[in-house]
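S.K.: Kindly return the folded structure for what I paste below:
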Amino acid sequence: MNTPPNITRRGFIRAAGLATLAAAGPATFAAPAGDSIDAHVHVWTPDIQRYPLAATFKPAEMKPASFTPEQLFAHSKPAGVSRVVLIQMSFYQFDNRYMLDMIAQHRGTFSGVAIVDETKADARETMKTLAGQGVRGFRIYTDKAKAEAWSDSEGMKKMWAYAADAGLSMCLLANPDALPAVQRMCRAFPKTRVVIDHFARIGVKGAVEPSDLDNLCRLAEFEQVYVKTSAFYALGAKKSPYTDLGPMIRKLRDTYGASRLMWASDCPYQVEEGHTYADSIALIRDRLDFLSAEDKQWMLRKTAEKVFFA
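M.R.: Residues are numbered from 1 along each chain as shown. The predicted model follows:
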């Protein structure tokens, strides 16, 4: 889930209560081998000489110590995933070089979501340059206070405006309490494509709060808003087969339509502490009987293809 520096991932997980697991639905669909897209993965290298960490991070905070594309492929390729959206890792902050180098080394396999400093005067030009290097979105960390301050941030408003003009995405790692402010920003910039990561972290404390889910569903009024159904290891019951998240996924499918939802693993965190890559993709591919074959095609490939690989 790549939490901001002052909030640990395991802190979120350990603080969460457990929900009751629902029964798994029957397997109804198998995507062709190599056809799926993972819309959210972080990669990094232990080579901190070539790719230094941001000043706010120390090597001991790199857990796991390494997660390179080759390590990812050991999980993703057997699951039939051929393309991946790389999300800039917070360890590197605004230095997107490692992600860009991996995009260049594995042409056709990766698309990227970069981090840009909106306070810099050249943020717009930086976005343009990054788009020429395979970047299709820009990650924004936000909570309620940060999102409410966007209306007073000239840099943020310029980023949203440029993203609309260039067909790029604003990718929000948002907490549930930020969603009303996100709604106001979407109303101010209705042509800007917005991707909400990890269900807006709804369910991180265990139970899915209906009011939070209602706020996420309200964003569906904006045609350019998309949602990642992802980070199953960190939400709800936090246990495979993750089917307790099925009702939330169903409501989002009914509200947004599958063509505005996309599956993602959030590796490497999805493959730690007993969780597996196969179990993550299986929730969408095999275990939710309310998803049609067409729904699964959108969620496992076509939506991410449209947003990040077009």
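S.K.: Spell out the residue ranges of the helices in the stretch 1-150 of the chain.
M.R.: 9-15, 69-76, 97-105, 123-131, 144-149 (DSSP state H, counting those that start in this stretch).
S.K.: Quick check, central residue of this structure?
M.R.: The C-alpha lying nearest the average C-alpha coordinate of the chain belongs to Asp197 (CA atoms, centre = their mean; 3.9 Å).
S.K.: For it, list the residues it contacts.
M.R.: 1, 40, 171-174, 228, 230-231 (CB atoms under 8 Å, 6 or more residues apart in numbering). For every residue, glycine as well, the C-beta is placed using N, CA and C.
S.K.: one more time with 7 Å
M.R.: 40, 171-173, 228, 230 (CB atoms under 7 Å, 6 or more residues apart in numbering).
S.K.: Pick out whichever of those residues sits closest to Tyr141.
M.R.: Leu173 (5.2 Å; CB to CB).
S.K.: Across the sheet, point out what pairs with that closest one.
M.R.: Residues in a beta bridge with Leu173, per DSSP bridges, are Tyr141.
S.K.: quick one, what contacts it?
M.R.: With contact taken as CB under 7 Å, 6+ apart, Leu173 is in contact with 2, 139, 141-142, 197.
S.K.: go with 10 Å
M.R.: By CB atoms under 10 Å, 6 or more residues apart in numbering, Leu173 lies in contact with 1-4, 40, 87, 90, 139-143, 196-198, 200-201.
S.K.: mind putting the helices of the stretch 1-150 of the chain in CSV, mean pLDDT and mean neighbour count included?
M.R.: Listed next are the helices of the stretch 1-150 of the chain as CSV, based on pLDDT from 0 to 100; neighbours: other CB atoms under 10 Å:
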stretch, mean pLDDT, mean neighbour count
helix 9-15, 41, 13
helix 69-76, 98, 18
helix 97-105, 98, 17
helix 123-131, 97, 17
helix 144-149, 95, 16
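S.K.: who wins for proximity to Pro59 among the ones you listed?
M.R.: Here helix 97-105 is closest among the helices of the stretch 1-150 of the chain (CB to CB), at 14.4 Å.
S.K.: buried stuff in stretch 166-186?
M.R.: Buried residues in stretch 166-186, counted by 16 or more other CB atoms under 10 Å: 168-179, 181-183, 185-186.
S.K.: shouldn't Met170 be in contact with Val194?
M.R.: Yes. Counting by CB atoms under 10 Å, Val194 is a contact partner of Met170 at 5.2 Å.
S.K.: shared neighbours of these two, anything?
M.R.: Taking CB under 10 Å, 6+ apart as the contact rule, Met170 and Val194 both touch 137, 140, 160, 163, 182, 185-186, 224-225.
S.K.: Helices - which of the residues you listed land there?
M.R.: Residues of the shared contacts of Met170 and Val194 located in helices (DSSP state H): 160, 163, 182, 185-186.
S.K.: hmm, which two among the residues you listed are most spread apart?
M.R.: Using CB to CB, the pair of these lying farthest apart is Ala163 and Val182, separated by 14.2 Å.
S.K.: Show the contacting residues for Ala231.
M.R.: 1-2, 9, 12, 40, 197-199, 201, 203-204, 238, 245, 264-266, 269-270, 280.
S.K.: Which residue is the nearest non-sequential neighbour of Ala161?
M.R.: The shortest distance from Ala161 to any residue other than its chain neighbours is 6.6 Å, reached at Phe189 (CB to CB, 6 or more residues apart in numbering).
S.K.: With Leu130 instead?
M.R.: Closest to Leu130 by CB to CB, 6+ apart is Ala114, at 4.9 Å.
S.K.: His40 and Gln270 touch, don't they?
M.R.: Yes. Taking contacts as CB under 10 Å, His40 lies within contact range of Gln270: 9.4 Å.
S.K.: residue ranges of the strands in the stretch 201-310 of the chain, please?
M.R.: Assigned by DSSP state E, counting those that start in this stretch, the strands in the stretch 201-310 of the chain fall at 225-230, 261-264.
S.K.: repeat for the stretch 1-150 of the chain
M.R.: Assigned by DSSP E, counting those that start in this stretch, the stretch 1-150 of the chain shows strands spanning 36-41, 81-87, 110-114, 135-142.
S.K.: how about the CA coordinates for the last one, as PDB?
M.R.: I take that to be strand 135-142. Listed next in PDB are the C-alpha coordinates belonging to strand 135-142 (Å, rounded to 0.1, in the frame of the first residue of the first chain):
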ATOM      1  CA  VAL A 135       4.600   7.500 -17.100                       C
ATOM      2  CA  ARG A 136       0.800   7.600 -17.300                       C
ATOM      3  CA  GLY A 137      -0.100   8.800 -13.900                       C
ATOM      4  CA  PHE A 138       1.100  10.700 -10.800                       C
ATOM      5  CA  ARG A 139       0.800   9.500  -7.200                       C
ATOM      6  CA  ILE A 140      -0.600  11.800  -4.600                       C
ATOM      7  CA  TYR A 141      -0.600  10.900  -0.900                       C
ATOM      8  CA  THR A 142      -3.600  12.400   0.800                       C
END
